[in-house]
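J.: Here is a sequence together with a model predicted from it:
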Amino acid sequence: MATENPVPAPVLRCAERAIQGVLDRYRPNVVAWDTETTGLRGAVIQAATVELTAKGDLVNTMSGIIAPPPNVPLERGAVAVHGIDRARIERESVEAEPFLRGLVEYLQDSTKSGKRVVA
């Protein structure tokens, strides 16, 4: 009959770190993306992505404010949530088409390379 010999704590910690290191190398990065809008049924006025490693280290970010069509109002409740008002849109907005094209390409490339994309 075999006797149980407990694994010494330092050996156990070393093994756990080694296993975690292997797991971390094979876990995909996560790309989260989100949008802000002019209101509940409004237009998108900001899109952003954040890419993190499995350990939570920041890899990449992308963010752009997009001017809504002139006839789309900014709802007060939405502005209270995200803080993007007309003045900020005028100061910080980017050209919508090239920005959104780049965002879509980034998300597609992320998916193709095995990263997890979440919204």
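T.: Sure, I can see it. Bear in mind that the values here come from a model prediction, so they are computed numbers and not experimental data.

J.: part of a helix, is L103?
T.: Yes: secondary structure of L103 (DSSP: H, G, I helix; E, B strand; the rest coil): part of a helix.

J.: Ignoring the adjacent residues along the chain, who's closest to it?
T.: Among residues not flanking L103 along the chain, A47 sits closest, at 5.7 Å (CB to CB, 6 or more residues apart in numbering). In this view, the C-beta of every residue, glycine as well, is placed from N, C-alpha and C.

J.: and the one you found, how many neighbours?
T.: For A47, the count of nearby residues is 21 (other CB atoms under 10 Å).

J.: ok, it - contacts?
T.: 33-35, 63-64, 66, 99-100, 103 (CB atoms under 8 Å, 6 or more residues apart in numbering).

J.: quick one: which of those has the most company?
T.: In terms of neighbours by other CB under 10 Å, these top out with I66 at 21 neighbours.

J.: That residue pairs with what?
T.: V94 (DSSP bridges).

J.: For it, give its distance to A87.
T.: 15 Å (CB to CB, to the nearest Å).

J.: Just the strands from the chain, written as ranges.
T.: In order along the chain, the chain carries the following strands (DSSP state E): 30-37, 44-52, 58-66, 93-94, 116-118.

J.: Can you check which of these gets nearest to R17?
T.: strand 44-52 (20.5 Å; CB to CB).
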